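In: Predicted structure and sequence below. I'll ask about it afterward.
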Amino acid sequence: MAVCKVRNKAQANTLAVNDLDLDKELPDEVLNALATEDELNEQFCQLSLNAITTKDNISCLKFRARVQDKVMLILLDSGSSHSFVSKQFADMTNIPLTKIPPKRVKLANGETITTASMAANMKWYCQGHTMTSNMIVLDMQPYDAILGYDWLEAHPQMAFDWDQKTMTFKEEGKTITLKGLQALVREVNTISATKAHKISKGNEV
């Protein structure tokens with residue numbers, strides 16, 4: 001049996017970060033800059049790409065709910081840090097709003113929007129169930145509301161059936177199953193002016 005007598009020599013690898021010697025104490029200016037960056041990251045809310053597009057995604061669930069007499073189109077989106085309601089929908093329904101410390105929301109394209117109001121304990125009705133959510137008011141399209149990571153985190157024991165587009169979770173000790181919207185078949189139908197006015201007034205378009 002042949003034995004290889006050549007062995008790899010031991011190597012010492014070092015890591016340099018921004019030309020700083022990690023064995024030395026970082027200067028106060030660097031520490032302050034890092035602390036400021038961390039604080040900014042904590043203050044930012046985020047809205048994902050799914051939340052600003054109508055493109056169907058197999059990993060996204062959409063629901064129709066009602067607030068008062070208006071239809072609210074909801075997107076369940078783990079990529080968005082918080083739950084949001086659109087300013088347009090809030091104005092349409094005249095839901096009570098509360099002032100909050102200004103929050104910056106980072107959009108998927110890198111832009112930021114500042115908002116300072118929230119729909120606290122907003123009631124919405126979906127498939128026979130009544131739920132309450134805190135939603136930050138944001139000037140956004142195309143959805144009326146986003147259920148973000150904060151809502152998912154509040155419902156840790158959640159089960160999904162992606163084929164049937166359902167999610168099952170507990171709300172105040174009660175087991176709830178909601179069925180998401182199936183992909184829409186786009187077709188043009190003739191309707192009366194009265195029906196067109198009714199669905200437009202109810203935000204069903």
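Out: Received, thanks.

In: Now do the longest strand seen in the chain: which elements does it pack against?
Out: Secondary structure of the chain per DSSP state E: the longest strand is strand 112-126. Applying 3 or more CB pairs under 8 Å, 6 or more residues apart in numbering; DSSP states H and E, we find strand 112-126 packed against strand 61-67, strand 70-76, strand 98-106, strand 129-138. C-betas here are computed from N, CA, C, even on glycine.

In: The chain: helices as residue ranges?
Out: 28-43, 87-93, 149-153, 193-201 (DSSP state H).

In: Of the helices and strands packed on strand 112-126, flag the one that's most buried.
Out: strand 70-76 (a mean of 20; mean count of other CB atoms under 10 Å).

In: Give me the residue ranges of the chain where confidence is low.
Out: Residue ranges of the chain with pLDDT under 70: 1-26, 28-43, 54-59, 183-205.

In: can you list contacts of the longest strand of the chain?
Out: Residues outside strand 112-126 that contact it (CB atoms under 8 Å, 6 or more residues apart in numbering) are 44, 63-67, 72, 74, 85, 90, 95-107, 130-139, 145, 178.

In: 7 Å instead?
Out: Contact with strand 112-126 is made by 63, 65-67, 72, 85, 90, 95, 97-100, 102-107, 130-139, 178, as judged by CB atoms under 7 Å, 6 or more residues apart in numbering.

In: Please save the CA atoms from that strand in CSV.
Out: Extracted in CSV, the C-alpha atoms of strand 112-126 (Å, rounded to 0.1, in the frame of the first residue of the first chain):
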residue,chain,number,x,y,z
THR,A,112,-38.8,55.0,2.4
ILE,A,113,-42.2,56.4,3.4
THR,A,114,-42.8,58.0,6.8
THR,A,115,-46.1,57.4,8.6
ALA,A,116,-47.5,58.5,12.0
SER,A,117,-50.9,56.9,12.3
MET,A,118,-52.3,53.5,13.2
ALA,A,119,-55.7,51.8,13.1
ALA,A,120,-55.6,50.4,16.6
ASN,A,121,-57.7,47.3,17.4
MET,A,122,-59.3,47.5,13.9
LYS,A,123,-62.1,44.9,13.6
TRP,A,124,-62.4,43.0,10.4
TYR,A,125,-64.7,40.2,9.4
CYS,A,126,-63.7,37.2,7.3
